[in-house]
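S.K.: starting from these lines, generate the structure:
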Amino acid sequence: MNSGSGRAGHSAAVELLAGSASFAWSNDGRLIRFGWGARRELADLLDARGFREVVFVTGRSAVNASWLESTGRPIVRVGIGLVEELAGKLLEQLRGNDLVAVGGGRVIDCAKAVAAVTGGRCAAVPTTLSGAELTGFHRLPRGYEGARTVRPELVVWDPELLASAPPRLLAESAGNALAHALEALYTRLATPVATASALLATETLACGLEGLAALRAPAAGEPTSVPGADQDPERGLYTTLASGGLLAGWASGEAGIAFHHALCQTLVRVLGSSHAATNAAVLPASAGRAARYAPTAVDAWLAALARGSAVLRGEEDAAAMPRAQALSRLRELLAAAGARPPCELLALARQRPLSERVAQRLRQIAARVQAHPATTATAFPVSEEDVVATIRDAADLWLAYADPADAAGDPEDAANSAHAAASPADAAADSGTSPPNDR
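M.R.: Okay, here's the model as predicted:
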């Protein structure tokens, strides 16, 4: 029986979730306010929870937002860089303040890191699907590694804020959220509740990705497939994406991160590639590798993807589709929605046969991944071969979507760049107890 009502055939659960466009949820000592335009309630919510001496922490994309400026509160901009370094520079400036982070994962993680040291309170207004607003994962300023980590006590999730994000960023951020959902199924802390949330998040995000793809190249005469599109296509799309991001972030906060993020966080630090782009590009390959050890979890995740996306489902029975074909279609969906692979990944991994220099670099990356705390949290062993093969498989899957200039990069240059970026401090941070959340 088909329980869905959208063109994509998504389930009634997705319709119900995305249709619950406005709600307040008290969960484990925090308040989550979700709804279109919810940012306009932020001042009242902060006052009600007793926030004092509030400073907004934001990034480039939100620093000039009129709604933010209209609050009359001080605004501090977070630049590009490592969370532990950025947060360290802000400590003295923000002592004695309660913080409201407005932005993606890097901005929210910086605010959490500062609050962990200063004792200030922390709220978050996410503008991407990083999930950082729902977790207590973050790096700490250098010299304060023993501090207790912080999870925002107030989250104001306004899907309307996604409308100003570039489609490519949204597609890659959705890929990152899908990775959170997948990992929640195979961490050592996986629970039935986190699993249920992760699977609904997966279906919802797949539906949102298909909506993004339709927005970029709409099929003649066919409406966008997301719930609510008949009334307001834009609102339906961004509410669907935000709903999926909320569920994936919650599942990740409960079950933690695992192999995929251990690999991608290491690649981001070593190669200097974009966090969201790296996560989206590696996802099909890391899921394929995880399926060798946790086939039931990966198959359940693929089935949820197929429920949310006609691209993933195809004309045939999705349950009978080979995994490799389903993962290839996931890559196609991500690409159609706007995701692209980082050139640094392609340049490092595309060489055939590998030079000894590049092979050594990949082995060094594998060693750092194996030492990452998220690898320890993975419910299966991760070998050097698993890491290297996943990187190579990811590059192979995406070469057809790379810009010619990206694919033409010198892998020796990438190896040299990676070598220069890998400092002893980074290696120590990778083996710490507080894995970073998303950029």
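S.K.: rest of the way, CA atoms for contacts and neighbours
M.R.: Fine.
S.K.: okay, now the domains of the protein?
M.R.: 38-157, 167-430 (automatic domain parsing).
S.K.: now render those as TSV, adding mean neighbour count and distance to residue 21.
M.R.: Formatted as TSV, these follow (neighbours: other CA atoms under 10 Å; distance: least, CA to CA, whole Å):
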stretch	mean neighbour count	distance to residue 21
domain 38-157	21	10
domain 167-430	22	7
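S.K.: centre of the chain to stretch 294-305, how far?
M.R.: Centre-to-centre, stretch 294-305 and its host chain are 19 Å apart (CA atoms, centre = their mean, to the nearest Å).
S.K.: what are the ranges of the strands in the protein?
M.R.: 22-27, 30-35, 54-58, 75-77, 98-103, 122-126, 154-157 (DSSP state E).
S.K.: can you list those in CSV and add distance to residue 339?
M.R.: Converted to CSV, the strands of the chain look like this (distance: least, CA to CA, whole Å):
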stretch, distance to residue 339
strand 22-27, 29
strand 30-35, 26
strand 54-58, 24
strand 75-77, 27
strand 98-103, 20
strand 122-126, 20
strand 154-157, 23
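S.K.: residue 239 reaches residue 21, doesn't it?
M.R.: Yes: using CA atoms under 8 Å, residue 239 is in contact with residue 21, at 7.0 Å.
S.K.: anything in contact with each of those two?
M.R.: Both residue 239 and residue 21 are in contact with residue 36, where contact means CA atoms under 8 Å, 6 or more residues apart in numbering.
S.K.: so where's the protein shaky on pLDDT?
M.R.: For the chain, the stretches with pLDDT under 70 are 1-10, 18-20, 61-64, 219-225, 227-231, 315-320, 349-352, 402-439.
S.K.: change it to 90
M.R.: Filtered on pLDDT under 90, the chain yields the residue ranges 1-21, 60-72, 80-81, 215-234, 310-321, 344-359, 396, 399-439.
S.K.: could you pick out the longest helix of it?
M.R.: helix 192-216 (DSSP state H).
S.K.: center of this protein - which residue?
M.R.: residue 176 (3.2 Å; CA atoms, centre = their mean).
S.K.: can you give me the helices in the stretch 151-300 of the chain?
M.R.: 167-186, 192-216, 233-255, 259-271, 275-290, 295-308 (DSSP state H, counting those that start in this stretch).
S.K.: the longest helix of the chain packs against which elements?
M.R.: helix 12-19, helix 167-186, helix 233-255, helix 295-308, helix 323-337 (3 or more CA pairs under 8 Å, 6 or more residues apart in numbering; DSSP states H and E).
S.K.: swap the cut-off to 7 Å and go again
M.R.: Contact here means 3 or more CA pairs under 7 Å, 6 or more residues apart in numbering; DSSP states H and E; on that basis helix 192-216 packs against helix 167-186, helix 233-255, helix 295-308, helix 323-337.
S.K.: could you give the angle of it to helix 167-186?
M.R.: 160 degrees (axes from the mean of the first three to the mean of the last three CA atoms, to 10 degrees).
S.K.: what does helix 192-216 contact?
M.R.: Applying CA atoms under 7 Å, 6 or more residues apart in numbering, the contact partners of helix 192-216 are 14, 171, 174, 178, 181-182, 184-185, 224-226, 237, 240-241, 244-245, 247-248, 251, 254-255, 301, 304-305, 307-309, 333-334, 336-337.
S.K.: which one of the helices and strands packed on helix 192-216 lies closest to residue 279?
M.R.: helix 167-186 (5.2 Å; CA to CA).
S.K.: returning to that earlier point: the longest helix of the chain to helix 323-337, inter-axis angle?
M.R.: Using the same axes, to 10 degrees: helix 192-216 against helix 323-337 is 50 degrees.
S.K.: show me the helices in the stretch 1-150 of the chain, by range?
M.R.: Going by DSSP H, counting those that start in this stretch, the stretch 1-150 of the chain shows helices at 12-19, 42-48, 66-69, 83-94, 105-118.
S.K.: okay if I get those as JSON lines plus distance to residue 376?
M.R.: Listed next are these as JSON lines, based on distance: least, CA to CA, whole Å:
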{"stretch": "helix 12-19", "distance to residue 376": "33"}
{"stretch": "helix 42-48", "distance to residue 376": "37"}
{"stretch": "helix 66-69", "distance to residue 376": "40"}
{"stretch": "helix 83-94", "distance to residue 376": "22"}
{"stretch": "helix 105-118", "distance to residue 376": "22"}
